[in-house]
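Student: Make a model of this:
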Amino acid sequence: RRVEVGRLVLLNNGPSAGQLAVIVEIIDHKRVLIDSPDTTVARQSFPLAHVSLTSIVIPSLPRGARTAIVSKIWENQSIDEQWSNSAFAKRINSNNRRSALNDFDRFKVMVLRKQRRFEVRKAL
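Tutor: Here you go, the predicted structure:
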């Protein structure tokens, strides 16, 4: 994945960790200017070491686009829907669900896995 204007990024650090933003300008080889239609992520300079590049790109986004343009293009291309259908987002959701399990829930998962394994072996 290349660092390019229009690339969707997932923020890893800071108060808006876990939020989505889009690269609107490349400042240098270590920092980018990000923006998002979401009000929790302000237009700001962000280090590339603290973002994860996604496979989603907005090709029609001009360099240095303002927040209003970003939000309009975000809605037109339904970026939130593309993100929720991506394998990256599904993996994050799965990891969050597993980390939220308590001891009894982990036990129930273990029992269900054992039952599934038994049924597969019985079918063979």
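Student: Report the mean confidence score over the lengthiest helix in the chain.
Tutor: Secondary structure assigned by DSSP state H gives helix 103-123 as the longest helix of the chain. What helix 103-123 shows for mean pLDDT is 96.
Student: for stretch 89-96, same thing?
Tutor: 94.
Student: List the contacts of that stretch.
Tutor: If you take CB atoms under 8 Å, 6 or more residues apart in numbering as the criterion, stretch 89-96 is touched by W83. For the C-beta atoms, the positions are set from N, CA and C on the backbone; glycine is no exception.
Student: is it true that I34 touches I26?
Tutor: No: using CB atoms under 8 Å as the test, I34 is too far from I26 to be in contact (10.6 Å).
Student: How about the helix or strand containing T54, which residues are buried there?
Tutor: Using DSSP states H and E, T54 falls within strand 51-57. Burial within strand 51-57, assessed by neighbour count using 16 or more other CB atoms under 10 Å, is assigned to V51, L53, T54, I56, V57.
Student: How about the contacts made by N12?
Tutor: H50, V51, S52.
Student: on that earlier part again, any residues touching the longest helix of the chain, and which ones?
Tutor: L101.
Student: centre of the chain versus it, how much separation?
Tutor: 31 Å (CA atoms, centre = their mean, to the nearest Å).
Student: got it, and stretch 116-124?
Tutor: Using CA atoms, centre = their mean, the offset of stretch 116-124 from its chain centre is 36 Å.
Student: Ok, stretch 90-104 next?
Tutor: The answer for stretch 90-104 is 16 Å, by CA atoms, centre = their mean.
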